[in-house]
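> requesting a structural model of the entry that follows:
(4 chains, ligands or ions: 4)
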Amino acid sequence: MTAGTVSAAPRGAAVTLAGALNSALRDALRADDDVVVFGEDVAVLGGVFRVTDGLAREFGDDRCFDTPLAESAIVGTAIGMAMYGRRPVIEMQFDAFAYPAFEQLVSHVAKFRARTRGALPLPLTVRIPYGGGIGGVEHHSDSSEVYYMATPGLTVVAPATVADAYSMLRRSIESDDPVIFLEPKRLYWQKESVGLPVDTGPLGWAAVRRSGTDATLIAHGPAVPVALQAAEAAAADGLSLEVVDLRTLAPFDEETVCASVRRTGRAVVVHEAHGFAGPGAEVAATVTERCFYHLEAPVLRVTGYDVPYPPPLVERHYLPGVARILDAVGRLEWPARRTAAA
Amino acid sequence: MTAGTVSAAPRGAAVTLAGALNSALRDALRADDDVVVFGEDVAVLGGVFRVTDGLAREFGDDRCFDTPLAESAIVGTAIGMAMYGRRPVIEMQFDAFAYPAFEQLVSHVAKFRARTRGALPLPLTVRIPYGGGIGGVEHHSDSSEVYYMATPGLTVVAPATVADAYSMLRRSIESDDPVIFLEPKRLYWQKESVGLPVDTGPLGWAAVRRSGTDATLIAHGPAVPVALQAAEAAAADGLSLEVVDLRTLAPFDEETVCASVRRTGRAVVVHEAHGFAGPGAEVAATVTERCFYHLEAPVLRVTGYDVPYPPPLVERHYLPGVARILDAVGRLEWPARRTAAA
Amino acid sequence: MTAVLDAPMTAPAPAGLPRETALALYRAMVLGRAFDTTATTFTRQGRLAVYPSSRGQEACQVAPVLALRPTDWVFPTYRESVALLTRGIAPVEVLTLFRGDRHCGYDPRAHRAAPQCTPLATQCLHAAGLADAARTAGDDLVALAFVGDGATSEGDFHEAVNYAAVRRAPVVFLVQNNQYAISVPLAKQTAARTLADKAAGYGAAGVRVDGNDAPAVHRAVAEAAERARAGGGPTLVEAVTYRMEAHTNADDDTRYRPREEIASWARKDPVARLERLLLADGTLDEAAAAAVADEADGLSRTLRRDFETPPTCDPAEMFRHVYRHPPHRLRAQAAALAGELAGAGDGERADGEQTDGEQEEGS
Amino acid sequence: MTAVLDAPMTAPAPAGLPRETALALYRAMVLGRAFDTTATTFTRQGRLAVYPSSRGQEACQVAPVLALRPTDWVFPTYRESVALLTRGIAPVEVLTLFRGDRHCGYDPRAHRAAPQCTPLATQCLHAAGLADAARTAGDDLVALAFVGDGATSEGDFHEAVNYAAVRRAPVVFLVQNNQYAISVPLAKQTAARTLADKAAGYGAAGVRVDGNDAPAVHRAVAEAAERARAGGGPTLVEAVTYRMEAHTNADDDTRYRPREEIASWARKDPVARLERLLLADGTLDEAAAAAVADEADGLSRTLRRDFETPPTCDPAEMFRHVYRHPPHRLRAQAAALAGELAGAGDGERADGEQTDGEQEEGS
Ligand SMILES: Cc1ncc(C[n+]2csc(CCOP(=O)(O)OP(=O)(O)O)c2C)c(N)n1
Ligand SMILES: Cc1ncc(C[n+]2csc(CCOP(=O)(O)OP(=O)(O)O)c2C)c(N)n1
Ligand SMILES: [Mg+2]
Ligand SMILES: [Mg+2]
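Ligands and ions are numbered 1, 2, ... in the order given. Okay, here's the model as predicted:
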């Protein structure tokens, strides 16, 4: 498979991203008896976002169960289960509620394979609904991806499409390494026509979602549709923007991203997480290091502000939108100071 | 005070960095009755690094005390104390042992002022001995600064000199905002002749530690002496390297750093933390964004590898040293492909 | 019915209660019920995004607050709207968080009430720390932390009770055992006989009280607070009650509990129960009850009127209180947003801040 | 002496013990003492950077391991060198971590022993998870988690015992109450009467045993393991003992505890105590004791000899097991280090990987 190639999803019935995740879990539970699903409210309720709906009924209490309310326990016991040979798929109810498990994630999940020189790999998947835009009160809208990206040993994936949601969750569960699986809350109810099951290829590859020649927008998760909208708007203005969906944040597919930037000569990284020391810092630094002499302008970043996530009624001002992206594109040193429509 | 100006420390008796921290705590406890010091083994033992030595004896059990062994409790109760009007200075025994407190740090410490619109600021200082090079077994050598940098609301400081250790700890304790105070374990026993008390100025400013004209090394904490050694070695080779010590990681002093890079046209960020999504990613991205047309070559990063911190007997191969820095400097696109001695 | 529910109460209902305390409890519970009903109506009307009702838990919400002194501190969770109302906070300020307007609608210092806390059990440590600081200052205040049955499984709960017990910090941990953590019933939360049984493991006092019996809750908390004030350390009070509504309006409780269970608890309604008691023993008469009902109607009316005024949230505020002195980067971002809102968006940064690329033309 | 120490044991010493069990305990404790003494000597000679001695805790180290089946799993902390030795792990492999060579010197699967765990109390959850998985698989193994008195204050301890109790996971939590967490005495760790008292708060069984009495510890753990295996859920075993040495060789215990306290515990030495008991009841005679002493000498000799061989650590290994398939970036870093070690350092990246800057000459 070459960089950036992602097999197109076969067309099928319209399915939501949450529904695709539910199918992926069901299919994984069917495919492998070692897969177990647990967390807070995942069994009887089916998860607060219904991603685990119906699994306890179909697979029984030993395969899908509700735990006591303790995130460190969920991650910590998943480690023990993985040591026993299980493939746990656990849910952290919301981004900020994974923080109590941070020590287990950083000091153990990320390090077990290395510590034991491969004797005790941890094939476990940590599902984390993340990001804002859903009107959630405080602590329900964090974009926490950089904490995991900065932790060697973790694979961090962030699908943005329905097909990827299904496929990348299956691939994550099949991975022999621990995967932080970031689910874009904001896109849970987005529908696509996809025939399931679908396989969009191995983890670790980015995808060009829209081809363009003038500049590259690099996005992931909930920022991908926004970047695509921005590209659409720019096209109306005669500007051709390429959109790269990172898909996997760690390891990061430098090849696909750099190939695009070398072609266009300009790049803007777009994400919802805070800018300062956010995911885009790494992307910008790497792209610049590897594409320096192809760049007409510095790589810019359009991100959430460097403030705690604000209350729902003002969150739209926090979230990077089309206007902010086009504004950044306009600052990319165009020959005749040509700017995109804001 | 202008960017990068740091008042020189008056000469005095030789004092270790750990000793300077101890003096800073003692002086802070004397200066302000609201200052309290607590954590694991800080009172009777005086801390595993003796940074709190003698404080319990001098100030009594109410001002300096040992807590039960629970880091989330240490941070969480410090929040309550700060709400009451105290200025807690708490110790996390080692970098990795702050992770159990991650939720309290990220969801509360960083957000209390914002959440209450200034009504409940948290003037608390979290001391974290960090980094490797001391032969510590696993979990005793993490460079965890990026987790805190990526969290708006936290001020993150990382002194590298004895004078800064004293002054910045005093300034941190006096700050009305929560400060993550990162102590470079590796430098605890490094001595300087400094007259205490010393004031090296407000938090938030970087310092030029060595002037140079050919390239800028940007470092912080334990990487600063290494960068200085590299500059020394390069000088022998006829290359003039400027060394900027970041001192405060968040907020980050763009002015001083960018002024230097604009002058030299070349930069290498040096730190011990992992490179991928590490502190240097933000530095490189910001410097590039702001100094793009002054750069002769991409900003390079010389960092710890993207692996869990290795066992003591091989840690010297993990830590960025002089050779690795000079190698990076040599790759900065010199006109005649001039390289520094490796 | 779980074993836990069948276990005996260790803090039985008091024989008598001062008349004015009884009436204060009654009044606050009736007001609380009205408030709660109004808030739930707002969610149906789409005027409130989310609201976690405490219907059925009014005794647990009201009695602890009335058992404290104004100088004591209260540490609520998201569930404690009625407790905050009882603390004297304006109804609309109580709902600010859920309205999406601001993270905290009231002045925590003025009311000695911490912001409503969402990360479960974390507030228990804040309470322990504040109480411990007060203790060393010789200030005889008490901190009361509300916490749910589910949240007792969190590490922070454990660390907080342990810390408070070791340091004899004056804290009351009031566990509202409302039988569920969202969909998860108590039996999946603990195998202990009762939640009060946890106290012994910390050397703290532990009592179990009928959480639908306001006078009983009042006495249990008052005793715990006095013990704490006298240097006797923390008490873990388990108040056995029931959450009559779904977890929040966004939740669908038909998925996890039978309607009969709710119906059986409806018969133990704490407001009706106290009313019956006070009417029977003559503390309350129909006229007084009607007066309280009128007051409750007034509260609902005022709240509805207050909700007519649209929220006043200002986007610029998100930058204002991150640090005492906003650093350069935040000032630049605030200026950029201000420019955006003013409709600038002309390709220049609104604050005139320029990237290097703009300062110069090529290298 | 603290209240906790004075509290009665709930698991008294057994009247009798099978002769071979008694001898196995004795042998393992003598070997353990020899190992511990040798390791401490290494620290004095600078051949071992750090070593946390378990001198005085041999009964707690040895008896639990011997009370388990080979199919059971053991979850040790850094303190459990002698327990791991008893589990059959080669002495030099036990010390690999402290020698700085590798993070884990043995094959955890082969010995069913998790890596020595440093982040306190975290291993309790791993034990609970593994045991729970085994339970649902119908596999009748038991997981034993060692944990210190200090670590019982951590949230993870709480979450683990609670989880295990709710799910009736077959776990034994063996708390070695050695009176100190580094410098912090038990009285600052808990206000509970005993650590075993914590069990009731989880609905787990709790027993308190004299941790310097090997047969008593053996019986307590054997009973707890059988209860767990039979579906009776977890047991919290508090073994009351004493850490005779400083926390590690890097610690200075003169700062926080009186020499007399140590001396008083020296009189309760668990090895000498078992020896006296077995000599008195005829289980052991001088000849058998001498044979064990010889074996112990042999162990020390072998360990000293093994330590002559320098550690074989390979810097390249740090890249090898981070992921199953090292991603591009790690392969590049590994190659760069290899080049550095081979003395390349000629300004090119050792792997031929080039930055864009090198591919082209200026823009
Ligand atoms: C640390 C954390 N984990 C998960 C959640 C999500 N959550 C919100 S309320 C809740 C259930 C709480 O149950 P309980 O403690 O019994 O309180 P109740 O809602 O019944 O008042 C959960 C799981 C959270 N807010 N914080
Ligand atoms: C989470 C965490 N916090 C702090 C430490 C540092 N530390 C190592 S051992 C220790 C004391 C542990 O005491 P205890 O649990 O009683 O075990 P013992 O050493 O007595 O066997 C501390 C504080 C750690 N390893 N992990
Ligand atoms: Mg509840
Ligand atoms: Mg101990």
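> do the strand ranked longest in chain A and chain B meet at all?
When chain A is parsed with DSSP state E, its longest strand is strand A:267-274. Yes - against chain B, strand A:267-274 shows contacts by C-beta under 8 Å from any C-beta of the partner chain at residue A:274. (Glycine included, C-beta is placed from N, CA and C.)
> quick one, strands of chain A?
Counting by DSSP E, the strands of chain A are A:14-16, A:35-39, A:64-66, A:87-91, A:125-130, A:155-157, A:179-184, A:191-193, A:207-210, A:215-219, A:241-245, A:248-250, A:267-274, A:300-304.
> as JSON lines, those strands with distance to residue C:230 and mean neighbour count would be great.
Converted to JSON lines, those look like this (distance: least, C-beta to C-beta, whole Å; neighbours: other C-beta atoms under 10 Å in any protein chain shown):
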{"stretch": "strand A:14-16", "distance to residue C:230": "58", "mean neighbour count": "17"}
{"stretch": "strand A:35-39", "distance to residue C:230": "43", "mean neighbour count": "24"}
{"stretch": "strand A:64-66", "distance to residue C:230": "41", "mean neighbour count": "24"}
{"stretch": "strand A:87-91", "distance to residue C:230": "45", "mean neighbour count": "27"}
{"stretch": "strand A:125-130", "distance to residue C:230": "46", "mean neighbour count": "27"}
{"stretch": "strand A:155-157", "distance to residue C:230": "52", "mean neighbour count": "27"}
{"stretch": "strand A:179-184", "distance to residue C:230": "49", "mean neighbour count": "27"}
{"stretch": "strand A:191-193", "distance to residue C:230": "63", "mean neighbour count": "15"}
{"stretch": "strand A:207-210", "distance to residue C:230": "67", "mean neighbour count": "20"}
{"stretch": "strand A:215-219", "distance to residue C:230": "60", "mean neighbour count": "29"}
{"stretch": "strand A:241-245", "distance to residue C:230": "63", "mean neighbour count": "27"}
{"stretch": "strand A:248-250", "distance to residue C:230": "55", "mean neighbour count": "27"}
{"stretch": "strand A:267-274", "distance to residue C:230": "47", "mean neighbour count": "28"}
{"stretch": "strand A:300-304", "distance to residue C:230": "49", "mean neighbour count": "25"}
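> out of those, flag the one nearest residue B:182.
strand A:267-274 (19.6 Å; C-beta to C-beta).
> pairing partners for the closest one, with directions?
Strand A:267-274 has the following strand partners under DSSP bridges: strand A:215-219 (parallel), strand A:300-304 (parallel).
> and it, how far from the chain's centre?
Offset of strand A:267-274 from its chain centre (C-alpha atoms, centre = their mean, to the nearest Å): 13 Å.
> next, the angle strand A:241-245 makes with that strand.
50 degrees (axes from the mean of the first three to the mean of the last three C-alpha atoms, to 10 degrees).
> relative orientation of strand A:267-274 and strand A:179-184 in degrees?
90 degrees.
> give me the average confidence score over strand A:267-274.
Averaging pLDDT along strand A:267-274 gives 98.
> contacts only, for residue A:247.
Residue A:247 makes contact with A:6, A:157-160, A:164, A:168, A:203, A:205-207, A:220, A:253 under the criterion C-beta atoms under 8 Å, 6 or more residues apart in numbering or on different chains.
> among those residues, which lie within helices?
A:164, A:168 (DSSP state H).
> tell me which of the contacts of residue A:247 has the lowest pLDDT.
residue A:6 (47).
> in a markdown table, list the contacts of residue A:247 along with distance to ligand 4.
Formatted as a markdown table, the contacts of residue A:247 follow (distance: C-beta to the ion, whole Å):
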| residue | distance to ligand 4 |
| --- | --- |
| A:6 | 54 |
| A:157 | 41 |
| A:158 | 42 |
| A:159 | 46 |
| A:160 | 49 |
| A:164 | 49 |
| A:168 | 45 |
| A:203 | 43 |
| A:205 | 49 |
| A:206 | 50 |
| A:207 | 53 |
| A:220 | 46 |
| A:253 | 48 |
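> nearest to ligand 2, of the contacts of residue A:247?
Closest approach to ligand 2 among the contacts of residue A:247 (C-beta to the nearest ligand atom): residue A:157, at 28.6 Å.
> got a list of what the closest one touches?
So residue A:157 contacts A:168, A:172, A:179-182, A:203, A:247-249 (C-beta under 8 Å, 6+ apart).
> out of the strands of chain A, nearest to residue C:217?
Comparing these under C-beta to C-beta, the one sitting nearest is strand A:64-66, at 28.8 Å.
> what's the burial count for whichever residue of chain C sits closest to chain A?
With C-beta to the nearest C-beta as the measure, residue C:100 is the residue of chain C nearest to chain A, at 3.2 Å. Neighbour count for residue C:100, taken as other C-beta atoms under 10 Å in any protein chain shown: 22.
> do residue A:57 as well
11.
> dump the residue contacts of it.
Residue A:57 neighbours (C-beta under 8 Å, 6+ apart): none.
> quick one: it from residue C:255, how far?
Using C-beta to C-beta, to the nearest Å, we find residue A:57 at a distance of 11 Å from residue C:255.
> in the stretch 151-300 of chain A, what residue lies closest to ligand 1?
For the stretch 151-300 of chain A, C-beta to the nearest ligand atom, closest residue to ligand 1: residue A:185, 13.6 Å.
> any regions of chain A where pLDDT drops low?
Applying pLDDT under 70 to chain A flags residues A:1-10, A:336-342.
> excluding sequence neighbours, find me the nearest residue to residue C:84.
Leaving aside its sequence neighbours, residue C:84 sits nearest to residue C:94 (C-beta to C-beta, 6 or more residues apart in numbering or on different chains; 4.8 Å).
> contact partners for the one you found?
Per C-beta under 8 Å, 6+ apart, neighbours of residue C:94: C:35, C:81, C:84-85, C:105-106.
> phi, psi of residue C:181?
Dihedral angles of residue C:181 (phi, psi; degrees, to the nearest 10) stand at phi -120, psi 100.
> so it is in contact with residue C:154, correct?
No - with contact defined as C-beta atoms under 8 Å, residue C:181 does not reach residue C:154; the gap is 10.2 Å.
> which neighbours do these two share?
Joint contacts of residue C:181 and residue C:154 (C-beta under 8 Å, 6+ apart) are residue A:69.
> those two - which one has more neighbours?
Applying other C-beta under 10 Å to residue C:181 and residue C:154 shows that residue C:154 carries more neighbours, namely 30 against 24.
> what's the closest non-adjacent residue to that one?
residue C:121 (3.8 Å).
> roughly how far does that neighbour sit from residue C:128?
Shown here: residue C:121 relative to residue C:128, a distance of 11 Å by C-beta to C-beta.
> what sits in contact with each of the two?
The contact sets of residue C:121 and residue C:128 overlap at residue C:160 (C-beta under 8 Å, 6+ apart).
> more crowded one of those two?
The neighbour count for residue C:121 versus residue C:128, taken as other C-beta under 10 Å, is higher for residue C:128 (34 against 30).
> which residue sits closest to that one, ignoring its sequence neighbours?
Counting by C-beta to C-beta, 6+ apart, the residue nearest residue C:128 is residue C:164, at 4.4 Å.
> does the one you found touch residue C:131 like I think?
Yes - counting by C-beta under 8 Å, residue C:164 touches residue C:131, with 6.8 Å between them.
> coming back round to it: any chance of TSV for the strands paired with strand A:267-274, columns distance to residue B:98?
Below are the strands paired with strand A:267-274 laid out as TSV (distance: least, C-beta to C-beta, whole Å):
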stretch	distance to residue B:98
strand A:215-219	32
strand A:300-304	25
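> among the ones you listed, which comes closest to ligand 4?
Closest approach to ligand 4 among those (C-beta to the ion): strand A:300-304, 44.5 Å.
> who's in contact with that closest one?
A:143, A:267-275, A:278, A:280-281, A:284, A:318-320, A:324-325, A:328, A:331-332, B:285, B:289, C:355.
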